[in-house]
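> Generate coordinates for the sequence data below:
(chains A and B)
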Number of protein chains: 2
Amino acid sequence: MAEGKSFAATDRTTPTRSRERASYDEATVHAILDEGYVCHLGFVRDGAPVVLPTLYGRVGDRLYLHGSTGSRPLRMAGEQGADPGLAVCVTVTHVDGLVLAKSAFHHSINYRSVVVHGTAHQVTDPEEKKAALDALVDHVLPGRAADSRPGNDKELAATAVIRLDLREVSAKIRTGGPNDEPEDLGLTHWSGVLPVSPVYGAPIPAEDLTPGIPVPAYLSAR
Amino acid sequence: MAEGKSFAATDRTTPTRSRERASYDEATVHAILDEGYVCHLGFVRDGAPVVLPTLYGRVGDRLYLHGSTGSRPLRMAGEQGADPGLAVCVTVTHVDGLVLAKSAFHHSINYRSVVVHGTAHQVTDPEEKKAALDALVDHVLPGRAADSRPGNDKELAATAVIRLDLREVSAKIRTGGPNDEPEDLGLTHWSGVLPVSPVYGAPIPAEDLTPGIPVPAYLSAR
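Predicted coordinates for the structure are as follows:
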């Protein structure tokens, strides 16, 4: 397989431990990002860290996050001054399994995560904003943006969108079984992996949905 | 039902929007924390935010996080000086459903999250450290700590544990269907909720597991 594009490792995207689990491969990073829709957005307020869950979308090498124009981080990202924008860290994590070792010490989790560092800026261009909001809806459920009423001027004005370029990025991945010490292998504790994944239930129609409107194919496919 | 204990709301645990979704009820907070095992730990390094996924456990009104003694945030939490400890924000999020509205604007997610602000300190007392590590293993799978080989002195020395008191805490919860505008209800887009939950697969024995060791009951219950 040809070598794909990679992100350059920086001091803060180089883990202090388990470096063999780190990846800077762009395709790997994009795949992890595209499988999720909830990220954890970190920013600094009055010198202290704040971490909030929020939705995101990806368009090419940019991440988009949105919220009310009154939301604190989105307001902060729009502030202008000597140093415009908001320093953020956006992290996306998928848990794939519980790793049970014979020793308490070697218990672990199989996971795939992406950490993005950078400065987020408010999106002011109306076309970029509309495309970002479509991407956010389609990230949750591909095909949904085209099957809903687009935002009107009032809604677009009430929504702030911030952009974060994918530049300083790393993925971290753990797979496989437990790594027990050789001297523990005779112990009778069960060891192995319990896989875990998100599973979607049957769609629940809204109470005010007109009867007879079918569940769309992009939804029943989940 | 009797009123339970509540956390006092502070400036930073009061959301700027959707305040009706915020809760400070201790039992609600504990239930959300106890259902998860992966949190997103935020801290500040060189003035910039860092958000990393990590395991946690709860014992009473304390959260415990662990990692290698070489791990950056755990080292920082152990640094002594005029202002010992590490300012952190720990966030736990469960996604319960995708909320599909007729308008793009009203799409949302049903979720339950807890945000904890505070200063984390390294645990130095050996007994507290052992109890914290048991809690971390049992948080992933209740009953597992007693069914594994406890950490030895070398392993305990290689593991750093930090403690975060549950003082400045809030939960945020969204439930229910979409909140569409009355004028959109005649549109023919399907609207409602697609429930989502983590589902555990069949346990995969470790390659080096001696054949015949049964899957424990606390595991097959998942």
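
> And the strands in chain A, which stretches?
Counting by DSSP state E, one finds strands in chain A at the ranges A:22-23, A:38-45, A:48-59, A:62-68, A:86-100, A:108-122, A:159-165, A:168-174, A:192-200, A:204-205.

> partners of the second one, with directions?
Which is strand A:38-45. strand A:48-59 (antiparallel), strand A:86-100 (antiparallel) (DSSP bridges).

> got a list of contacts for that strand?
A:49-56, A:63, A:65, A:72-73, A:76, A:86-93, B:12, B:40, B:42, B:44, B:47-51, B:53, B:89, B:91, B:93, B:95, B:109, B:111 (Cβ atoms under 8 Å, 6 or more residues apart in numbering or on different chains). (Glycine included, C-beta is placed from N, CA and C.)

> Show me how far the lowest-mean-pLDDT helix or strand in chain A is from its chain's centre.
Scoring the helices and strands of chain A by mean pLDDT, DSSP states H and E places helix A:72-78 at the bottom, with a mean of 82. With Cα atoms, centre = their mean, to the nearest Å as the basis, helix A:72-78 stands 19 Å off its chain's centre.

> then it to PDB, C-alphas only?
What follows is helix A:72-78, C-alpha atoms only, in PDB (Å, rounded to 0.1, in the frame of the first residue of the first chain):
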ATOM      1  CA  ARG A  72     -19.300  30.800  25.900                       C
ATOM      2  CA  PRO A  73     -16.600  29.100  23.800                       C
ATOM      3  CA  LEU A  74     -18.200  30.200  20.600                       C
ATOM      4  CA  ARG A  75     -18.400  33.800  21.800                       C
ATOM      5  CA  MET A  76     -14.700  33.600  22.900                       C
ATOM      6  CA  ALA A  77     -13.700  32.300  19.500                       C
ATOM      7  CA  GLY A  78     -15.300  35.300  17.800                       C
END
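
> Run the angle between the longest helix along chain A and strand A:108-122 for me.
Ranked by residue count and defined by DSSP state H, the top helix of chain A is helix A:126-140. For helix A:126-140 against strand A:108-122, the angle by axes from the mean of the first three to the mean of the last three Cα atoms, to 10 degrees is 160 degrees.

> is residue A:51 in a bridge, and if so with what?
With DSSP bridges as the rule, residue A:51 is bridged to residue A:42.

> Check which residues of stretch A:191-202 are buried.
Residues A:191-196, A:200 are the ones in stretch A:191-202 that count as buried (16 or more other Cβ atoms under 10 Å in any protein chain shown).

> what mean pLDDT does it have?
Average pLDDT, stretch A:191-202: 96.

> residues making contact with it?
Under Cβ under 8 Å, 6+ apart, the answer for stretch A:191-202 is A:95-102, A:110, A:176-178, A:180, A:222, B:95, B:141, B:194-206, B:208-209, B:219, B:222.

> ok, now which ones touch the residue nearest the centre of chain A?
What sits nearest the mean C-alpha location of chain A, by Cα atoms, centre = their mean, is residue A:92, with 3.3 Å. Residues in contact with residue A:92 (Cβ under 8 Å, 6+ apart) are A:32-33, A:36, A:38-40, A:56, A:113-114.

> can you rerun that using 7 Å?
Residues near residue A:92 by Cβ atoms under 7 Å, 6 or more residues apart in numbering or on different chains: A:32-33, A:36, A:39, A:113-114.

> now residue A:84
Here residue A:84 is in contact with residue A:121 (Cβ under 7 Å, 6+ apart).

> Please apply the same query to residue A:172.
A:15, A:21-22, A:113.

> Out of these, which end up buried?
A:15, A:21, A:113.

> Export those as JSON lines, with columns for pLDDT and distance to residue B:146.
Converted to JSON lines, the buried ones among the contacts of residue A:172 look like this (pLDDT from 0 to 100; distance: Cβ to Cβ, whole Å):
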{"residue": "A:15", "pLDDT": "80", "distance to residue B:146": "32"}
{"residue": "A:21", "pLDDT": "88", "distance to residue B:146": "29"}
{"residue": "A:113", "pLDDT": "97", "distance to residue B:146": "30"}
